[in-house]
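Engineer: Sharing a sequence plus its predicted fold:
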Amino acid sequence: MRLEVHNNLEEKMQKSIKVLKEELVSIRAGRANPALLDRIEVEYYGSKMPLKQIANISAPEPRLLVIQPYDASSISSIEKAIEQSDLGINPSNDGKVIRLSIPMLTEERRKELLKIVKKTGEEAKVAIRNERREANDKLKKMHKNNELTEDDLKRAEDEVQKLTDKYISIIDELVSKKEKEIMEV
């Protein structure tokens, strides 16, 4: 029973890390990365579709993304979706492909991005701590229902704390790596 709570907790914490990684990838760090466009949805034949499903996205140079639609008639829809996004990059097209030139980050923009990265990291830590609290509540309930002894409860809470510490340090590591990437000129 205690093991079930532990495994369930670890699974939830892994999901929190996965979400954090996805959010960090979508934060622009001055280098062209096709993942920057992962959140962009394009109006395509009356429905919203992820950009990566209707076009090939590549980064042939460090500061350039090239979007090659599978259907040339979707170029204007893709351009419109990029312009309306929060990327702040103006697309240019030649009728066949769309090019996104990734500008150098200004010092001010780097500082803004660092704040966003730290905030995202803090949100992930809060999620991990909430998972810890839920797991501890379940364990205390099990103890109250005489499913766990006092010693087992203490051991289980220690395991939960070790797991929490492990995932918090993973978050710190991911945030630190992203901060270095942003500050890299």
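Structural biologist: Arrived safely, thanks for sending.
Engineer: how far does stretch 103-118 sit from the chain's center?
Structural biologist: 17 Å (C-alpha atoms, centre = their mean, to the nearest Å).
Engineer: and if you look at stretch 156-167?
Structural biologist: Chain-centre distance of stretch 156-167: 23 Å, with C-alpha atoms, centre = their mean.
Engineer: Now do it, average pLDDT.
Structural biologist: In this model, stretch 156-167 carries a mean pLDDT of 94.
Engineer: residues in contact with that stretch?
Structural biologist: 2, 5-6, 9-10, 13, 16-17, 128-129, 131-132, 135-136, 139, 148 (C-beta atoms under 8 Å, 6 or more residues apart in numbering). Backbone N, C-alpha and C define where each C-beta goes, glycine included.
Engineer: show me what contacts the residue located most distally from the centre of the chain?
Structural biologist: Outermost residue of the chain with respect to the C-alpha centroid, by C-alpha atoms, centre = their mean, is Asn146; its distance is 40.5 Å. Counting by C-beta under 8 Å, 6+ apart, Asn146 touches no other residue.
Engineer: which parts of the host helix or strand of Thr164 are buried?
Structural biologist: Using DSSP states H and E, Thr164 falls within helix 150-183. Neighbour counts over helix 150-183 (16 or more other C-beta atoms under 10 Å) mark 153, 156-157, 159-160, 163-164, 167-168, 170-171, 174-175, 178-179, 181-182 as buried.
Engineer: that's a helix at Lys80, yeah?
Structural biologist: Yes - counting by DSSP: H, G, I helix; E, B strand; the rest coil, Lys80 is found in a helix.
Engineer: How many residues are close by it?
Structural biologist: Per other C-beta atoms under 10 Å, the neighbour tally for Lys80 reads 13.
Engineer: domains in the protein, as residue ranges please.
Structural biologist: 2-25+106-183, 34-101 (automatic domain parsing).
Engineer: weakest of those domains by average pLDDT?
Structural biologist: Averaging pLDDT over each of these puts domain 34-101 lowest, since it has a mean of 86.
Engineer: quick one: the helices in this structure?
Structural biologist: Applying DSSP state H to the chain gives helices spanning 2-25, 51-54, 75-84, 107-144, 150-183.
Engineer: Turn those helices into JSON lines, including distance to Glu41.
Structural biologist: Shown next, in JSON lines, are the helices of the chain (distance: least, C-beta to C-beta, whole Å):
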{"stretch": "helix 2-25", "distance to Glu41": "15"}
{"stretch": "helix 51-54", "distance to Glu41": "7"}
{"stretch": "helix 75-84", "distance to Glu41": "7"}
{"stretch": "helix 107-144", "distance to Glu41": "21"}
{"stretch": "helix 150-183", "distance to Glu41": "24"}
